[in-house]
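Enquirer: sharing a model prediction with you, sequence too.
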Amino acid sequence: MEALTTTKIESLVEDQVREGSSLEFKLSLPGRGEGDKKEFLADVSSFANAIGGELVYGVQEADGVAVATPGVGRENIDAEVQRLENLIRDGIQPRLVGVQMRPVPLATGTTVLAIHVPRSWIAPHMVVLGGSSRFFSRNSNGKYPLDVYELRRAFTASEAITERIRSFRIERLGRIVAGELPVSIGAGPYLALHVVPYSALAGGTNVVDPAKQQIMAEALPPMHSNGCSSRFNFDGFLTWFTSQDEHLGVGSYVQLFRNGCIESIDRGLLSPARFADGNWIPSVAFEKELVGALGTSCALLAGLGCEPPIAVLLSLIGVSGYRMFTGAHVLAGRPIERSELLVPELTIESLTFDAGRELRVIFDAIWNACGFPRSPHYDKNGNWVLPR
C-alpha cells in the first residue's frame, strides 16, 4: 500500500486491468444507508474469508475492466476513511485486523481510495450490522454467501491454525530440553520466547532473504547480550551471543525460521550463578529483555512483509523453586511450584504496537506463579513503567 502511487492507479486503465478474486473496482464510496453499509461489509469480509485483496473506490469499470479513474472527490476523504474504519470495527465479527486504507490523489484533483484487506487466519468473519448474521467469501466471479459446508470447513481451518501454533511450541520446547539446538547453550533453565505469525504455518512462505543478511543480523539481537555472531543455517537465519562467563558459554540465540517464526532462547537471565543466595528471576531485567525481544522481532517481521495477527508464546523451563527478585520485597513472594511455565499464547493484532503494554498479561502470569497479584511495573493506565 505504501508503494501505491498516482501513476499506478492511472495505469489500471492503460493496462486494462481486470477485476478478479482479489481485486474489485467501485465507482463511488459506500453510502450511509443500511443497505450500502451491509454491502460494503460483505465486500470486505469476503476478501478476508478468501485470499485477501483490494477494493479500489473511484475506478469505473466495464465488463470487469478498468476504463476510467474519475475518483471519489478529495474533500472530507479523511472523514470517510474514519467512517469506513468504524464500520469495519463495529460491523464484522470476529474483529478484522490488518485492513489498510490509502487515499491516492489524482492529477485531476480527485482521489482514489484503495482498501487492502488481508487474508484472515481467524476466519470466517460474519457481517453483524443491524442484526445481520451472514458470511461471505469470494471467487473469480465476485463475492457469494457461504453455505453450511463451506462454513464448517472455514471454522475447521481456523482451529487448525491455532493447533499448529501450539504444536510448534511443544515441538520446539521438546528439542530445547533434548539439546537439539542450532547452537549448544548447555543446561537450563531456559527462557523461551516464540513469535509466530499465523500466516507462517499455512505453508509456502520464505521470508529469509540473503540480500538482507545485515538487516536481519542487526534486527535480531539475542536477549541479555551486547553483540552477537550470525549465519545462515538450514532452518533460516541464526544469531547468537557467547558470554564471557565460562559457566554460560553460548548464553542466548535467536532463530529466524524460513516461514517467519522467531525463536529466542536465553539462559543467562535465569542462570543460578547470577545470585549467591538462591535461584531468582531478576524482575526488571526479565521484563526489559522480553519487551526488547518482542519489539525487535515484530519490527523485523513487518520489514519482511509478514502480516498480523502474531502469536506470542513465553515459556520458562526448569524454574521450579525460583522466586521473583524484587529488591526490598523479596519475602512477599513464593517459589515457583512447577518446573515448566507455559504461558497461554497472546495474540497481537498489529505489528506497530507498545510491546510493554501488550506483554502485561504475560508478565502478570509469571508474577502470579511467584505469588504476586500482578506485575508492579504498570501505572494505573496500563503503561509499562520500570523503576528508575
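Expert: Yep, it's here.

Enquirer: what about residue 49, neighbour count?
Expert: Applying other C-beta atoms under 10 Å, we find 25 residues neighbouring residue 49. In short, each C-beta sits where N, CA and C put it, glycine included.

Enquirer: residues touching it, list them.
Expert: Contact analysis of residue 49 by C-beta atoms under 8 Å, 6 or more residues apart in numbering lists 120, 123-125, 135-138, 146, 154.

Enquirer: what pLDDT, on average, does the top helix by length along the chain get?
Expert: Identified as the longest helix of the chain according to DSSP state H is helix 148-178. Helix 148-178 carries an average pLDDT of 89.

Enquirer: stretch 209-220 now?
Expert: Stretch 209-220 comes out at a mean pLDDT of 87.

Enquirer: CA atoms only for that stretch - export them in PDB, please.
Expert: Taking C-alpha atoms only, stretch 209-220 is exported to PDB below (Å, rounded to 0.1, in the frame of the first residue of the first chain):
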ATOM      1  CA  ASP A 209      16.400 -13.100   2.100                       C
ATOM      2  CA  PRO A 210      20.100 -13.400   1.600                       C
ATOM      3  CA  ALA A 211      20.200  -9.800   0.400                       C
ATOM      4  CA  LYS A 212      19.100  -8.700   3.900                       C
ATOM      5  CA  GLN A 213      21.700 -10.500   5.900                       C
ATOM      6  CA  GLN A 214      23.000  -7.400   7.600                       C
ATOM      7  CA  ILE A 215      19.500  -6.200   8.300                       C
ATOM      8  CA  MET A 216      18.500  -9.500   9.900                       C
ATOM      9  CA  ALA A 217      21.600  -9.700  12.000                       C
ATOM     10  CA  GLU A 218      21.100  -6.200  13.400                       C
ATOM     11  CA  ALA A 219      17.400  -6.700  13.900                       C
ATOM     12  CA  LEU A 220      17.700  -9.900  15.900                       C
END
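
Enquirer: can you give me the buried ones in that stretch?
Expert: 216-217, 219-220 (16 or more other C-beta atoms under 10 Å).

Enquirer: picking that back up, so which of the contacts of residue 49 sit within strands?
Expert: The strands, defined by DSSP state E, take in 135-138 from the contacts of residue 49.

Enquirer: what's the ChimeraX line that selects buried ones from those?
Expert: Remark: buried members of the ones in strands among the contacts of residue 49, expressed as a ChimeraX selection using 16+ other C-beta under 10 Å:
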select :135,136,137,138
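
Enquirer: quick one: which of the ones in strands among the contacts of residue 49 is nearest to residue 171?
Expert: residue 137 (31.7 Å; C-beta to C-beta).

Enquirer: mean confidence (pLDDT) on the helix or strand containing residue 232, please.
Expert: Assigned by DSSP states H and E, residue 232 belongs to strand 229-233. In this model, strand 229-233 carries a mean pLDDT of 92.

Enquirer: now for that strand, which elements pack on it?
Expert: Here strand 229-233 touches helix 213-219, strand 236-242, going by 3 or more C-beta pairs under 8 Å, 6 or more residues apart in numbering; DSSP states H and E.

Enquirer: make JSON lines out of the buried residues of stretch 209-220 and add distance to residue 11.
Expert: Putting those into JSON lines (distance: C-beta to C-beta, whole Å) gives the following:
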{"residue": "216", "distance to residue 11": "33"}
{"residue": "217", "distance to residue 11": "37"}
{"residue": "219", "distance to residue 11": "34"}
{"residue": "220", "distance to residue 11": "37"}
